[in-house]
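# below is the structure, and that's it, no one-letter string:
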């Protein structure tokens, strides 16, 4: 099946940009969801799962209904944040945020 060709240069760049976003998102998904044999399953704190699910829902909305040109990147960013929340070994709450805000870096 031949690839669509657009006449304007910016449309071609947008098409290439979307491919790049999809490739980066796929690599991030694979990296975040790999589990080796030596890893043991762990329970994810309930609050982290709730927040992660909300971020994932926002990511899906931006992916399904982009309104602006950067919405694909917003989708990718929310997806990455959701994955990172699931990997934390502590529950996200007011106390943990206050503790983290005092750390440098």
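Looks like it came in fine. The shown structure was predicted, so the numbers you read here are calculated from the model rather than taken from an experiment.
# so how far is residue 96 from the nearest residue to residue 62 once chain neighbours are set aside?
Spatial nearest neighbour of residue 62, chain neighbours left out: residue 75 (3.8 Å); criterion: Cβ to Cβ, 6 or more residues apart in numbering. Just so you know, the C-beta spots here come from the backbone N, C-alpha and C atoms, and that holds for glycine as well. Separation of residue 75 from residue 96 (Cβ to Cβ, to the nearest Å) stands at 26 Å.
# which elements pack onto the helix or strand harbouring residue 59?
Following DSSP states H and E, one finds residue 59 within helix 46-64. Here helix 46-64 touches helix 71-87, going by 3 or more Cβ pairs under 8 Å, 6 or more residues apart in numbering; DSSP states H and E.
# check which helices and strands the helix it packs on is in contact with.
Applying 3+ Cβ pairs under 8 Å, 6+ apart, one finds that helix 71-87 makes contact with helix 9-32, helix 46-64.
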